[in-house]
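1. model this:
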Amino acid sequence: MTSFLERERPPEPMEALTHTVISPANVAFDMRISRARPLGRLALFKMRLRLAWLGWRIARSGRGESLTEYLELQTSLKSLLDYKYQLAQERQDNKGEKYLDMMWEELRQELEPKQARYKLLQNKLADSEVLAQEFDRLQQQLEDNPRVLARARIELDRMNKNRAESKNYEQILQNRWTQMGYCYRYTDKQGNKKVEEVGFSERHITPEAIYLKIGISEAAWLGGMTTKIPYGVRVADLVKPETLEELSLACQRQVSAKVNYIRGTWIIVNRLDTTDGLLNQVKYSEVMQAYPVKVHPRVPICVGVAERKRVQWLNLTDYPHGLIAGFTGSGKSNFVNAVVCTLITKHNPRLMRLILVDLKEGVEFSMFAGIPHLYGPIVESVPDLANKLEEVQAIMLERYKDMKGKAQNITQFNIKQPSVPMSRIVVVIDEVISTMDSGDYTNRILSSLKQLTAKGRAAGIHVILSTQRPSVDAIPGLIKVNLSFRIVGRMPSHTDSLTVLGSGAAKELPDIPGRMVMQLGPDPVPVQTPMIEDSDVDEALRIAMSYERPEAIPIPEGAYTQTEWSPERIVALSLNHLGGNISHIKVWEEIKEDGSLSRGQTRLLCERIWSMDCVEFEGKQYQVVKGRGAARKLVEIDSEVAQDLKIADSSHVTLEAI
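-> From the prediction side, this is the model:
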């Protein structure tokens, strides 16, 4: 065996794998060629004989003339059967008429031979159709055989190269372990020095990596197991981080290990220029070619591409709410845009509505403004978000009333009521941490999110939250526990990764834009999320704008405050019971036992009153006077001063106009 030191350099990878199109344009052709098997000379000779015989049978059957006669008989029989039905009615109405019996007998004599001939031609054409289908199938196999042979030659050549490459890396790994002392040296009876090296028992080669199973034990001839690992060598030492680093330097490829107490210990030689066997870049336009049309009603979105170029799709009907997190530059915003573009291109706005929340002054989602899928304008402020979520919550409750006794979820309801389908509502909140520290607005937002994530699935309400650092303060546990999927990019610390995933997987991600971790269950799966370009967004907007704008979703009565309180009633309460005190704190303390108005909603009503320079109530004019802190009071003013205020301030509004 040639030692590693005697080699000039380690072998190069078999192929410098680059980014490729995941799904070819002609999927049917590719699948047909991949399923076919190469035909030998004898098989080709038999197939050509079979084709010649089938062609002779089809030509002899006179399929063209038979089909023409068959169609003519079909038309004639239809007329005769209609006449037979009419004649039968006349015979029933005029029983005993001999001329009707004669006509019935003549019709029967004419009809029976035509029916017999029709049945004969039908069977003949059916047999001919079977022969024609077999002829087309064999002809297709004959035409595809050159391509199948070419593919088989390519696969055989690739298999041979794979084996040669795997053998080279096995030799490098064994030699490096031996040089590091992970072997058993002994002298045999003849005095020859021997070396027992670490070996491999299984090999699996993929386009991304070479998997080598360390030979630890094997079944003995007389039963039981026998140890194959060299004497004195510990398996744990073979996969230590410093040992793997040495092996990576020796192979000039990233070498990692996977330890499983049932399936054994595997050494993985990555053939890509990455540490995790994933592609460095995946384009959105390419993964969308593999869109799973069969599960379209389940609202699939592409999470990314995992190992072995497997495109990972996630269905919102199965995982209704989710969290997208990641440090700056991890690809979080790019992934959110890819999700939005998928929803607006693959779904009609009649069945899919979006609520986009952009608390960065609208810069993140500004390109989606005006598309027919939007449910209202893009939300850009915390108060508007609180109102919008309460509105969606009211819609959810109204939908449960409509579905009661009819269906258990929105999918069943739309099947039973296709004329008036309910549209799914997807709420996408960018930088949810911006909603914190806003007093009652924050409480209202968190309260609505708890309700929507806990009960929104059956009503077709989905919530997708996006943030850089999902701390407990930003997303409470009662909300986070209802987020069924999590897509997390690179995190700056182990603590941040532990907060969102329960493990340090996000901290260990390489610094590659778009490299993220998908967690649907206990085990996180690394993926390369699709990169969406400006041209992809433009195409998505073009498709979205081609849809007709749907009718507005009816808003349940009382969706905003669900109360009978109004600014006029607040003013009456202030003047009649609080001595003109219009502070929202005092008003809230007075009405909180009513239970129909939250503290935040009370402040909103009071702020509308504070914004007016002149308040008219029961024929008198009042002015809001600000005191210390939150103190405010309604003070009566005379008519002349009030008139001057009206003239000076064109924004003067009476309570009746509110």
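2. show me the protein divided up by domain.
-> Taking automatic domain parsing as the domain assignment, the ranges for the chain are 30-161, 180-270, 300-545, 567-657.
3. off-centre distance for the last one?
-> For domain 567-657, the gap between its own C-alpha mean and the chain's C-alpha mean amounts to 50 Å (CA atoms, centre = their mean, to the nearest Å).
4. of the domains of the chain, which approaches Tyr284 most closely?
-> Taking CB to CB as the criterion, Tyr284 comes closest to domain 300-545 out of these, the separation being 4.1 Å. (C-beta placed from N, C-alpha, C; glycine too.)
5. and for Ile628, the neighbour number?
-> For residue 628 the amino acid is Arg, not Ile. A total of 5 residues lie near Arg628 under the criterion other CB atoms under 10 Å.
6. assign it to helix, strand or coil.
-> coil (DSSP: H, G, I helix; E, B strand; the rest coil).
7. which element is Gln190 on?
-> If you go by DSSP states H and E, Gln190 is not part of any helix or strand.
8. likewise for Ser574?
-> Per DSSP H and E, Ser574 falls inside helix 567-577.
9. what's downstream of that helix, the next helix or strand?
-> Scanning forward in sequence from helix 567-577 by DSSP H and E, the next helix or strand is helix 584-591.
10. chain center to stretch 50-62, what's the gap?
-> Centroid displacement of stretch 50-62 relative to its chain, using CA atoms, centre = their mean, is 51 Å.
11. what lies in contact with the helix holding Ser574?
-> Helix 567-577 is contacted from outside by 580-582, 587, 590-591, 605-606, 608-609, 615, 617, 622, 634, 655-656, 658, using CB atoms under 8 Å, 6 or more residues apart in numbering.
12. give me that answer again for 10 Å
-> Residues outside helix 567-577 that contact it (CB atoms under 10 Å, 6 or more residues apart in numbering) are 563, 565-566, 578, 580-584, 586-587, 590-591, 597, 602, 604-609, 612, 615-618, 620, 622, 632-634, 636, 653-656, 658.
13. tell me which of those fall in strands.
-> Val615, Glu616, Phe617, Lys620, Tyr622, Arg632, Lys633, Leu634, Glu636 (DSSP state E).
14. which of the residues you listed are buried?
-> Burial by neighbour count, 16 or more other CB atoms under 10 Å: within these this picks out Val615, Glu616, Phe617, Tyr622, Arg632, Lys633, Leu634.
15. after the helix or strand harbouring Gln174 comes which helix or strand?
-> For Gln174, the host element (DSSP H and E) is helix 98-179. Past helix 98-179, further along toward the C-terminus, the next helix or strand under DSSP H and E is strand 184-187.
16. partner strands of whatever helix or strand comes next after that next one, with direction?
-> Counting by DSSP H and E, the next helix or strand C-terminal to strand 184-187 is strand 193-196. The partner list of strand 193-196 in its sheet, established with DSSP bridges, is strand 184-187 (antiparallel).
17. for Arg515, see how far away the residue found closest to Ala338 once you drop the neighbours it is linked to in the chain is.
-> On the basis of CB to CB, 6 or more residues apart in numbering, the spatially nearest residue to Ala338 that is not a chain neighbour turns out to be Ile532, at 4.5 Å. For Ile532, the distance to Arg515 under the criterion CB to CB, to the nearest Å works out to 16 Å.
18. repeat for Glu380
-> The separation that Glu380 has from Arg515, given CB to CB, amounts to 31 Å.
19. neighbour count for the two, which is higher?
-> When Glu380 and Arg515 are compared on other CB under 10 Å, the one with more neighbours turns out to be Arg515, at 26 against 17.
20. for Arg185, see how far away the more buried one is.
-> In this view, Arg515 and Arg185 are 43 Å apart by CB to CB.
21. kindly report the same for Leu80.
-> With distances defined as CB to CB, the gap from Leu80 to Arg185 amounts to 100 Å.
22. what do you get for Asn482?
-> Between Asn482 and Arg185 the computed distance is 60 Å (CB to CB).
23. which of the two has more neighbours?
-> A direct count of neighbours by other CB under 10 Å for Asn482 and Arg185 places Asn482 higher, at 18 against 13.
24. what about the closest residue in space to the more buried one that isn't next to it in sequence, which SS state?
-> Using CB to CB, 6+ apart and skipping residues adjacent in sequence, the residue nearest Asn482 is Thr453, 3.7 Å away. In the three-state summary, Thr453 is assigned as helix, counting by three-state DSSP.
25. contact partners for Leu51?
-> Under the criterion of CB under 10 Å, 6+ apart, the contact partners of Leu51 comprise Glu134, Phe135, Leu138, Gln139, Gln141, Leu142.
26. show me the shaky parts of the stretch 101-250 of the chain.
-> 219-225 (pLDDT under 70).
27. so where do the strands sit in the stretch 451-600 of the chain?
-> 461-467, 485-488, 515-519, 525-528 (DSSP state E, counting those that start in this stretch).
28. what about stretch 476-484, how long is it end to end?
-> Start and end residues of stretch 476-484 are separated by 15 Å (CA to CA, to the nearest Å).
29. what lies in contact with that stretch?
-> Counting by CB under 10 Å, 6+ apart, stretch 476-484 makes contact with 314, 316, 318-324, 432, 446, 449-450, 452-457, 463-465, 470, 472, 474-475, 486, 499-500, 519-521, all of which sit outside it.
30. check which helices and strands the helix or strand hosting Ser79 sits against.
-> Counting by DSSP H and E, the element that carries Ser79 is helix 63-93. Packed against helix 63-93, as judged by 3 or more CB pairs under 10 Å, 6 or more residues apart in numbering; DSSP states H and E, are the following elements: helix 98-179.
31. next, the angle helix 63-93 makes with the helix it packs on.
-> With axes from the mean of the first three to the mean of the last three CA atoms, to 10 degrees as the criterion, the two stretches helix 98-179 and helix 63-93 enclose an angle of 130 degrees.
32. which residues touch the nearest residue to Arg32 once chain neighbours are set aside?
-> What sits nearest to Arg32 in space, not counting adjacent residues and going by CB to CB, 6+ apart, is Asp144, at 6.7 Å. Asp144 sits next to Phe29, Arg32, Ile33, Ala36, Leu39, Arg151 when contact means CB under 10 Å, 6+ apart.
33. one more: Arg486?
-> Applying CB under 10 Å, 6+ apart, the residues contacting Arg486 are 319, 322-325, 465, 470, 480, 500-502, 506, 516-520, 524.
34. of those residues, select the buried ones using a PyMOL command.
-> Here the buried members of the contacts of Arg486 are turned into a PyMOL selection, burial being counted by 16+ other CB under 10 Å:
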select buried, resi 319+322+323+324+325+465+470+480+500+501+506+516+517+518+519+520+524
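35. now, the contacts of Arg486 that are in helices?
-> Those of those mapping onto helices are Lys480, Val500, Leu501, per DSSP state H.
36. any idea how far Ile553 is from the spatially most central residue of the chain?
-> For the chain, the residue lying nearest the average C-alpha position, counting by CA atoms, centre = their mean, turns out to be Ile301 (2.1 Å). Distance of Ile301 to Ile553, computed by CB to CB: 22 Å.
37. report the buried residues of stretch 109-122.
-> Using 16+ other CB under 10 Å as the burial criterion, the residues of stretch 109-122 that qualify are Leu111, Tyr118, Leu121.
38. any chance of a markdown table for the residues you listed, columns distance to Cys341?
-> Listed next are the buried residues of stretch 109-122 as a markdown table, based on distance: CB to CB, whole Å:
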| residue | distance to Cys341 |
| --- | --- |
| Leu111 | 63 |
| Tyr118 | 56 |
| Leu121 | 55 |
